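> What follows is a predicted protein model with its sequence.
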Amino acid sequence: MVMRSVDLRSDTVTRPTDAMREAMCGAEVDDDVLGYDPTARRLEDEMAKMMGKEAGLFVPSGTMGNLISVMVHCDVRGSEVILGDNCHIHVYENGGISTIGGVHPKTIKNEEDGTMDLAAIEAAIRDPKGSTFYPSTRLICLENTHANCGGRCLSVEYTERVGEIAKRHGVKLHIDGARLFNASIALGVPVHKLVKAADSVSVCLSKGLGAPIGSVIVGSQSFIEKAKTVRKALGGGMRQIGVLWAAALVALQENLPKLQHDHKKAKLLAEGLNQMKGIRVNVTAVETNMIFMDMEDGSRLTAEKLRRTLEENGILVIPENSSRIRMVIHHQITTSDVHYTLSCLQQAVQTIQEPSRN
Ligand SMILES: Cc1ncc(COP(=O)(O)O)c(C=O)c1O
Ligand SMILES: C[C@@H](O)[C@H](N)C(=O)O
């Protein structure tokens, strides 16, 4: 019997569509190290235009996009970057900005909504007069949407305020925009407005947009030229990348309009989960495609028990910790998959909490 499969582990799990595979087969390509792959160039220019920046550069992953951006902005020894203590760059990128980039992190507490307190950001900027002892602050990093805060969106107003602080102190601003398009759709704001204050942005096409691989960093022409050199040094210079970018172009056309449906399905799932005994979801905090499902104390529910039961029903999720599960909606999750997940979870919760009844 073929087991139904519902993969809620992340929006990075999507498979290329037939249209993407077709585009990959017929992609126009060239050596992107010795010159410019024409398909890559087309998408880099298109992304830069969408973001309101001068230029763009393909990178194989969002991790590399962030690392390159930090290394270009912090190209002097003793540089320091201000970033959230729960942001992807600090938590999930192997400490690359320090171990590879040689950049010192100065973390500030991420609030539940993904922001960092504005006063705390400004207070964290080192006084240049103290340069005998202190690292020198060269960059502030934001993350929009904020993955570890449950896909929360940073507003234009907040981003502009951080940009003003950065400008006031001669510091650059980078946005990890892995899911920037989700923020744009959720807020009803074009992406170029969300990143106007940023000197650089890293945007993933391999997340909600459903491309099989790839991110793009955008910024000034001179920033992108330096980024290209750092990308090569990191081994990210690739040859006929048009094969990959062709899929990303299709993803941009096919899936951008679908993000709003991902958000609606996330809300539907969150509301259904919240009805279950022993389960708690902050439904208001579900702004985009991510849901954090918490098990209440005394509920006899654990993330591992639920993960295992769901897996037995073909539903894949990732526990955040012993009493929290993350679920991420993407364009290959149907509304029927959401209902199936809810009914399997309802059954699991009942079985675990009232074993005598079954
Ligand atoms: C917010 C955020 N930034 C960056 C990344 C890194 O992207 P990649 O997995 O392509 O390295 C991810 C996850 O993948 C992410 O969720
Ligand atoms: C786990 C993390 O690296 C990935 N960005 C995700 O959200 O799935």
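Here it is on my side, so go on. Ligands and ions are numbered 1, 2, ... in the order given.
> For ligand 2, give me its nearest residue in the stretch 51-200 of the chain.
residue 92 (4.3 Å; Cβ to the nearest ligand atom). (C-beta placed from N, C-alpha, C; glycine too.)
> same deal with the chain?
Taking Cβ to the nearest ligand atom, ligand 2 has its nearest neighbour within the chain at residue 10, 3.2 Å off.
> before we move on, the earlier item: leaving out sequence neighbours, find the closest residue to the residue of the stretch 51-200 of the chain closest to ligand 2.
Distances taken as Cβ to Cβ, 6 or more residues apart in numbering place residue 63 nearest to residue 92, at 7.7 Å, with adjacent residues excluded.
> now residue 164
residue 197 (7.6 Å).
> Look up the pLDDT of the one you found for me, please.
Note on residue 197: pLDDT of 98.
> ok but it is inside a helix, no?
No: checked against DSSP: H, G, I helix; E, B strand; the rest coil, residue 197 lies outside a helix; its state is coil.
> do you know how far it is from ligand 1?
18 Å (Cβ to the nearest ligand atom, to the nearest Å).
> Close to ligand 1: what parts of the stretch 201-350 of the chain are there?
Residues of the stretch 201-350 of the chain lying close to ligand 1 by Cβ under 6 Å from any ligand atom are 204, 206, 215.
> From one end of stretch 138-152 to the other, what's the distance?
The first and final residues of stretch 138-152 sit 26 Å from each other (Cα to Cα, to the nearest Å).
> residues in contact with residue 189?
Taking Cβ atoms under 8 Å, 6 or more residues apart in numbering, we find residue 189 in contact with 156, 183.
> Touching, residue 276 and residue 344? I think so.
No: Residue 276 is beyond contact range of residue 344, at 11.4 Å (criterion: Cβ atoms under 8 Å).
> sorry, back to before: quick check: phi and psi on the residue nearest to residue 164?
phi -80, psi -10 (degrees, to the nearest 10).
> burial measure for the residue in the stretch 1-150 of the chain positioned nearest to ligand 1, as a count.
Distance from ligand 1 to each residue of the stretch 1-150 of the chain (Cβ to the nearest ligand atom) is smallest for residue 62, at 2.5 Å. Neighbour count for residue 62, taken as other Cβ atoms under 10 Å: 27.
> now do residue 49
By other Cβ under 10 Å, 13 other residues sit near residue 49.
> gap between it and residue 119?
Here the criterion is Cβ to Cβ, to the nearest Å. By it, residue 49 lies 35 Å from residue 119.
> Determine the number of other residues adjacent to the residue nearest to residue 320 when sequence neighbours are not counted.
Spatially, and ignoring its direct neighbours in sequence, residue 320 is nearest to residue 326 (5.0 Å; Cβ to Cβ, 6+ apart). Using other Cβ under 10 Å, residue 326 is surrounded by 21 other residues.
> Could you confirm residue 326 falls within a strand?
Yes: under three-state DSSP, residue 326 falls within a strand.
> who does it bridge with?
Counting by DSSP bridges, residue 326 is bridged to residue 292, residue 318.
> quick one: the helices in this structure?
Per DSSP state H, the chain carries helices over the ranges 18-25, 38-51, 62-73, 88-91, 96-99, 118-124, 156-168, 180-187, 191-194, 221-233, 242-255, 259-274, 303-312, 335-353.
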